[in-house]
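> Requesting a structural model of the entry that follows:
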Amino acid sequence: MTPTRIRWAVSILAILGTLPYITLKVMWLSGSRVGLVDPGFGRSATMHLANALTMGMDATAIALALAFVMPWGRRLPNRLVLLPMWVATGLLAPIVVIVPLQIVIGAPTPTDPDRVEPIAHWVYEMVYAGFMWQGVFLLTAFTLYAAHRWGGRWGLPLTDHADRRAAGVVLGLLAVAASGAVLRADDGAANLIGDLATVAAAAAGVLLMATPVHLPRRWPIVLTWLGSGAMAAWGLYTLVLLVVPNDLVGDRSVPAADIAAQLAWLGAGLAAAWLGVRRLRSDRAADDAAGGSTQASTQASAQGSGRMSDGMPAPFWTSPTRS
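Numbers count the residues shown, from 1 in each chain. This next block holds a predicted model:
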């Protein structure tokens, strides 16, 4: 099986994983009550907007999966691919880890055992199975796409342009976020393990970026990508649930400590992402400078020996298909 066919197969599998969730959202937006136990649940304008937005997020996943295999996908600007994929990674990767842990060690005990859940249990099972499916195949499709488009940069060593002071600040924010996760230990052991693993990934990426060790660039990139994406995406999602009135929270009062914890979670994720982007930009500038020097010396050598250098392939950092 050729690499192209493998990429197509993985992307198609990722798209198939979105269909149950999108179908359910279309039914709810059309007025269907399938899977809803509470007759009053989901009828507000806020919930209609939430259903439309979350359906749009899964539609974006389909667009990304197609971009990973279609020729136009390699011509898209970096930000148009990386930003939504960073959010998608942040939302899906923790589910791939936490849901199996909940199956093994148990889900958190409801704080109000007499409360009737407004959504049927089979809906949660179907939805989160689909999210796990997407987490495996969409992230795999993106990995293959990224290796195909930017693979030459992944193996380069980190440069010496580390900002250790900024890294220290980000590590402090991550420590605050981790303490908040420990204080929320009543969310269940599986959630706590997933949260701490998320912080650990972000912290490891930040440490590698601040350490004068010439490791391949892929390690801090992947770790910071995973950790910062999960913290920023879930921090923002949970914060919106707590602050904006909605049927999922209902009339329950939201403690200020919970809001502060999510703000810390979101802030630490954004800070780690900012540091990662800043470091990659400085490394890319160093790559471009090295590329310019290499091209200049190559041309001078070619002119001195009477050889033509026009037929030489450009370095990967100057190639428009790998930018």
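
> from memory A202 sits against G269, does it?
Yes: judged on C-beta atoms under 8 Å, A202 makes contact with G269 at a distance of 7.1 Å. All C-beta atoms are positioned from the backbone trio N, CA, C, and that covers glycine.

> Between the two, point out the one with more neighbours.
Neighbour tally, A202 and G269, criterion other C-beta atoms under 10 Å: the higher count belongs to A202, 33 against 27.

> related to what we said a few turns ago, shared neighbours of A202 and G269, which are they?
G227, S228, M231 (C-beta atoms under 8 Å, 6 or more residues apart in numbering).

> Which strands or helices does the strand or helix carrying the second one pack on?
Taking DSSP states H and E as the criterion, S228 maps to helix 218-243. When contacts are defined as 3 or more C-beta pairs under 8 Å, 6 or more residues apart in numbering; DSSP states H and E, helix 218-243 sits against helix 78-105, helix 189-210, helix 256-305.

> same thing but 10 Å
helix 45-67, helix 78-105, helix 121-154, helix 164-183, helix 189-210, helix 256-305 (3 or more C-beta pairs under 10 Å, 6 or more residues apart in numbering; DSSP states H and E).

> Would you mind finding the most buried of those helices?
helix 189-210 (a mean of 21; mean count of other C-beta atoms under 10 Å).

> how far does that helix sit from the chain's center?
In terms of C-alpha atoms, centre = their mean, to the nearest Å, the centre of helix 189-210 is set 14 Å apart from its chain centre.

> okay, the angle between it and helix 78-105?
Comparing the axes of helix 189-210 and helix 78-105 via axes from the mean of the first three to the mean of the last three C-alpha atoms, to 10 degrees yields an angle of 140 degrees.

> For helix 189-210, which helices and strands make contact with it?
helix 78-105, helix 164-183, helix 218-243, helix 256-305.

> and L226, what is it in contact with?
For L226, the contacting residues are W86, T89, G90, A93, P94, L139, A197, T198, A201, A202, A204, G205, by C-beta atoms under 10 Å, 6 or more residues apart in numbering.

> still on that earlier bit, confidence-wise, which of the helices and strands packed on helix 218-243 is weakest overall?
Least confident of the helices and strands packed on helix 218-243, judged by mean pLDDT, is helix 256-305 with a mean of 75.

> Quick check: which element contains G40?
Going by DSSP H and E, G40 is not in any helix or strand.

> Next up, phi/psi of P157, please.
Torsion angles at P157 (phi, psi; degrees, to the nearest 10) stand at phi -70, psi 160.

> ok, now how distant is it from S179?
Distance from P157 to S179, counting by C-beta to C-beta, to the nearest Å: 34 Å.

> ok, now I259?
16 Å.

> what do you get for W8?
Distance from W8 to S179, by C-beta to C-beta: 45 Å.

> Over to S30?
S30 is 45 Å from S179, by C-beta to C-beta.

> what's the answer for M1, then?
For M1, the distance to S179 - C-beta to C-beta - is 48 Å.

> Equivalent analysis for P94, please.
19 Å.

> Equivalent analysis for I193, please.
For I193 relative to S179 (C-beta to C-beta), the value is 16 Å.

> now swap in W122 and tell me
In terms of C-beta to C-beta, W122 sits 37 Å off from S179.

> Also R218?
R218 is 30 Å from S179, by C-beta to C-beta.

> And A14, by the same measure?
Taking C-beta to C-beta, one finds A14 at 36 Å from S179.

> Also I62?
In terms of C-beta to C-beta, I62 sits 38 Å off from S179.

> again, but for L101
21 Å.

> How about M85?
Distance from M85 to S179, counting by C-beta to C-beta: 30 Å.

> Over to G17?
Distance from G17 to S179, by C-beta to C-beta: 35 Å.

> Also L196?
11 Å.

> Skipping adjacent residues, who's closest to L156 in space?
Sequence neighbours aside, R217 is the residue nearest to L156 in space, at 5.2 Å (criterion: C-beta to C-beta, 6 or more residues apart in numbering).

> For the one you found, the count of nearby residues, please.
Per other C-beta under 10 Å, the neighbour tally for R217 reads 21.

> That one reaches A286, doesn't it?
No: with contact defined as C-beta atoms under 10 Å, R217 does not count as touching A286 (11.2 Å).

> returning to that earlier point: same list, the helices and strands packed on helix 189-210, but as CSV with distance to G35 please.
As requested, the helices and strands packed on helix 189-210 are exported to CSV (distance: least, C-beta to C-beta, whole Å):
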stretch, distance to G35
helix 78-105, 18
helix 164-183, 31
helix 218-243, 19
helix 256-305, 27
